[in-house]
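K.L.:
Quick one, structure for this:
(one chain, ligands or ions: 1)
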Amino acid sequence: MELRTRALETILTEKGYVDAAALDSIVQAYESKIGPRNGAQVVAKAWSDPAFKQALLADASKAVGTLGHVSRVGDHLVAVENTPQRHNMVVCTLCSCYPWEVLGLPPVWYKAAPYRSRAVKDPRGVLADFGVSLPTDTEIRVWDSTAETRFLVLPMRPEGTEGWSEAQLAEIVTRDSMIGTGFPTTPGAPS
Ligand SMILES: [Co+2]
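P.N.:
Purely as a prediction, here's the structure:
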């Protein structure tokens with residue numbers, strides 16, 4: 001599929017129907033601007049505003065909709081909260097279902113067979129590959145996305161961020177922290 005897509009893109013580019021640079025900038029926009037930045041705003045707001053957090057955990061589609069991020073790829077967005085007792089991690093074992101409106105395009109590894117199969121069999125091992133280690137008594141809950149239901153991880157707010165504005169908080173929310181394969185950036189550490 002990847003080769004076919006690349007071949008098609010090459011032909012369309014050679015014939016002058018599409019502009020490769022424009023395609024790159026669209027992909028980049030989804031990866032770095034439109035997608036994960038929206039999710040980071042949602043997380044930062046949930047960290048700052050208890051009423052919004054409650055609404056997000058009760059009905060994430062509705063809560064995210066109030067911020068203007070409207071889903072075009074599925075019906076139900078579910079927010080799952082990380083706590084010291086439970087770490088959440090998201091996968092789509094069947095294909096690559098992913099909450100585009102809050103996270104943008106899925107990363108290549110999310111779509112790859114090794115992640116999709118290992119995330120359910122050996123979540124702790126997969127997290128170790130991402131450099132994420134959790135206390136042994138922290139439960140890991142793996143959520144399997146579908147075309148209808150997609151998940152957003154609400155990471156724990158890092159210590160040392162007391163009094164921060166939502167904009168400051170959003171800066172430290174990484175894409176991977178919202179998939180459950182990473183943490184927010186540590187305050188003060190180089191990004
Ligand atoms: Co899928």
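
K.L.:
Can you name the residues in contact with the helix or strand bottoming out on mean pLDDT in the chain?
P.N.:
Every helix and strand of the chain was ranked by mean pLDDT, DSSP states H and E. The lowest is helix 20-28, at a mean of 81. Residues from elsewhere that reach helix 20-28 (CB atoms under 8 Å, 6 or more residues apart in numbering): Glu9, Thr13, Leu105. Heads up, the C-betas are built off the backbone N, CA and C, glycines and all.

K.L.:
okay, who's weakest in these by pLDDT?
P.N.:
pLDDT across the contacts of helix 20-28 is lowest for Leu105, at 84.

K.L.:
Next up, the contacts around that residue.
P.N.:
Contacts for Leu105 (CB under 8 Å, 6+ apart) come out as Val27, Tyr30, Glu31, Gly35, Tyr98.

K.L.:
shaky segments in this protein?
P.N.:
Along the chain, segments meeting pLDDT under 70 span 31-33, 70-74, 188-191.

K.L.:
So which bits of it are right by the ion?
P.N.:
Cys92, Leu94, Cys95, Cys97 (CB under 5 Å from the ion).

K.L.:
so which pair among those is furthest apart in space?
P.N.:
Leu94 and Cys97 (7.5 Å; CB to CB).

K.L.:
follow-up on the earlier one: give me the next element, helix or strand, following the least confident helix or strand of the chain.
P.N.:
Downstream of helix 20-28, the first helix or strand assigned by DSSP states H and E is helix 35-48.

K.L.:
just to revisit the earlier point, go through the contacts of Leu105 and name the one nearest the ion.
P.N.:
Set against the ion, the nearest of the contacts of Leu105 by CB to the ion is Tyr98 (7.7 Å).

K.L.:
Give me the number of neighbouring residues for the closest one.
P.N.:
Tyr98 is flanked by 24 other residues according to other CB atoms under 10 Å.

K.L.:
Skipping its backbone neighbours, what lies nearest it in space?
P.N.:
Distances taken as CB to CB, 6 or more residues apart in numbering place Pro106 nearest to Tyr98, at 4.1 Å, with adjacent residues excluded.

K.L.:
Quick check: Val80 is in a strand.
P.N.:
Yes. Per DSSP: H, G, I helix; E, B strand; the rest coil, Val80 lies within a strand segment.

K.L.:
Which residue, neighbours along the chain excluded, lies closest to it?
P.N.:
Nearest residue to Val80, sequence neighbours excluded (CB to CB, 6+ apart): Asn88, at 4.1 Å.
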